[in-house]
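> From the sequence below, what's the structure:
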Amino acid sequence: MKINTQTTIGEIVARDFRTAALFSKYKIDFCCKGDRTLETVCAKKDISQKELIDALETLLNNSQSYISDYGQWPLDLLIDYIENTHHHYVEEKTPVLLQFLDKLCKVHGEKHPELLEINTLFSESAGELAMHMKKEELVLFPFIRQMVKAKNEGSDLKRPHFGPVSNPVAMMRHEHDTEGERFDKIATLTNQYTPPADACNTYKVTYAMLQEFENDLHKHIHLENNILFPKAILLESAFTV
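A predicted model of the protein is given here:
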C-alpha cells in the first residue's frame, strides 16, 4: 500500500489493522474520525508528516514487526482487534465450511466415513464458538473496556454481577481448551489436513480451510489467554481496596 499525505486514516486501518496501534500511540482517532487525511491529522496534532508516514511504512513493510507488540497495546484496542479480526473471521468462514462439509459427507461419506465425524465435530465447534464469542462481546469485553475507561478517567469502577473478572476468564479459558481438543481430533481425522488421493477440488479446499481456521483459532486463543486475560486480571487488582 502506497501512503501519501492524502491517504485517509480509515483507508490505512482497513488495509492493515495493526496500524491502529500506531495511531493510538499518536492519540489519533482511527475509528469515528477515520475519514481525515494524514495531512489534516498531522496539522491538527502538530505531528511531522514524514515521521508518521515513515512509521506507517516501516510497520506495513515488516510483516514480523507486530508479533511482539500486542502486549503493549491498550486493552480496549486489543479487544477491538480480536473482535474485528478473529471474531469476524469465525463468523465469515463458519457457514462456508459447514456447507462444504455437508457436501463432502453426501458425496464422499460412504467411502470416507471419517468425514461424518469431522462434520459433527466442526458443527459442534461452530455452535460453541458462536455462544462463546457472544459471552465475550456482551459480558467480559464490555467490563474490561469499563475498567480501562475508569483507569483513564480516575473514576470508580462499578462492580459486575459475575464477581471478579477471573470468574468469566476461567470460563473462557475452559471453553478455549475444549475447542483446542476438538480441533486436535479434527486434525487427526484429516491426517493433519492431508486430502486423500481421490479428493476433488472441494475436498482439498475444505481441508485447507479447516487448517486455516485452526491456525486462526490458535492465534485468537493466544491473544486472549496469554495477553488480554492476564492483563485484565492485573488491571482489576488496581481497583481492589
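> Provide a list of residue ranges in the protein with pLDDT below threshold.
1, 14, 17, 31-32, 63-69, 240-241 (pLDDT under 70).
> Spatially nearest residue to S123 (excluding sequence neighbours)?
Nearest in space to S123, with sequence neighbours left out and distances taken as CB to CB, 6 or more residues apart in numbering, is L98 at 6.5 Å. Every residue, glycine included, has its C-beta placed from N, CA and C.
> tell me what the helix or strand harbouring the one you found is packed against?
Using DSSP states H and E, L98 sits in helix 88-108. Packing contacts for helix 88-108, counted by 3 or more CB pairs under 8 Å, 6 or more residues apart in numbering; DSSP states H and E, involve helix 114-135, helix 201-222.
> Looking at these, which is nearest to F162?
Among those, the nearest to F162 by CB to CB is helix 114-135 (10.3 Å).
> Can you give me the buried ones in the closest one?
Applying a neighbour-count criterion of 16 or more other CB atoms under 10 Å, one finds L115, I118, N119, L121, F122, S125, A126, L129, H132, M133 buried in helix 114-135.
> Can you tell me which of these is closest to G34?
The nearest one, if we look at these relative to G34 and count by CB to CB, is M133, at 24.3 Å.
> Distance to K93 for the helices and strands packed on helix 88-108 - can I get that in a markdown table?
Supplementary listing: the helices and strands packed on helix 88-108 in a markdown table, determined by distance: least, CB to CB, whole Å:
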| stretch | distance to K93 |
| --- | --- |
| helix 114-135 | 10 |
| helix 201-222 | 6 |
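> Generate a markdown table for the buried residues of helix 114-135, with distance to Y207 as supplementary columns.
A markdown table is the format used below for these (distance: CB to CB, whole Å):
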| residue | distance to Y207 |
| --- | --- |
| L115 | 10 |
| I118 | 9 |
| N119 | 13 |
| L121 | 14 |
| F122 | 12 |
| S125 | 16 |
| A126 | 17 |
| L129 | 19 |
| H132 | 24 |
| M133 | 24 |
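> Name the nearest of those relative to T85.
T85 has its nearest neighbour among those in M133, at 12.3 Å by CB to CB.
> what about H218, distance to H87?
Applying CB to CB, to the nearest Å, one obtains 15 Å for the distance of H218 from H87.
> one step back: contacts for the helix holding L98?
Residues outside helix 88-108 that contact it (CB atoms under 8 Å, 6 or more residues apart in numbering) are 112, 115-116, 118-119, 122-123, 126, 129-130, 133, 200, 202-203, 205-206, 209-210, 212-213, 216-217, 220.
> Only the buried residues of it, if you could.
Within helix 88-108, the residues that qualify as buried are Y89, V90, K93, T94, L97, F100, L101, K103, L104, C105, H108, counting by 16+ other CB under 10 Å.
> Just the buried positions in the longest helix belonging to the chain, please.
Counting residues, the longest helix found in the chain (DSSP state H) is helix 166-189. Counting neighbours by 16+ other CB under 10 Å, one finds that the buried residues in helix 166-189 are P168, V169, M172, E175, H176, E179, R182, F183, I186, L189.
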